[in-house]
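Enquirer: Structural data only, the sequence is not supplied:
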């Protein structure tokens, strides 16, 4: 058996999904599965969005920094950004 024919990554996507699903169901039945809080989910989504946009900028050749990248790299909070967005002063969006 060739080295590249072994392991989870060499399986087709349907087989990987089937195995992962069984593992998730077993963990929930056992009571050891991670259950996301709304705050954890929000943070994960924000980080994924930042990574996605950063990756797209790098592919397009634009290396310009933006406010989200600056906040993430310095470890400062997004609270001022969230507060301005919740008060209706969202930049670059139009309300119909």
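Expert: Nice, I can see it. Computed from a prediction, not measured in an experiment: that's the story for all the values here. Numbering: from 1, shown residues only.

Enquirer: Need the mean per-residue confidence for stretch 37-49.
Expert: The pLDDT scores in stretch 37-49 average 93.

Enquirer: Then stretch 7-19?
Expert: Averaging pLDDT along stretch 7-19 gives 92.

Enquirer: Regarding that stretch, how distant is the last residue from the first?
Expert: 12 Å (C-alpha to C-alpha, to the nearest Å).

Enquirer: which parts of that stretch are buried?
Expert: Within stretch 7-19, no residue counts as buried by 16 or more other C-beta atoms under 10 Å. All C-beta atoms are positioned from the backbone trio N, CA, C, and that covers glycine.

Enquirer: ditto for stretch 46-66
Expert: Across stretch 46-66, burial judged by 16+ other C-beta under 10 Å covers 50, 54.

Enquirer: Now the spatially closest residue to residue 11 that is not a sequence neighbour: which helix or strand?
Expert: Nearest residue to residue 11 in three dimensions, chain neighbours excluded: residue 19, at 7.7 Å (C-beta to C-beta, 6 or more residues apart in numbering). Secondary structure from DSSP states H and E places residue 19 in helix 13-30.

Enquirer: swap in residue 32?
Expert: Using DSSP H and E, residue 32 falls outside every helix and strand.
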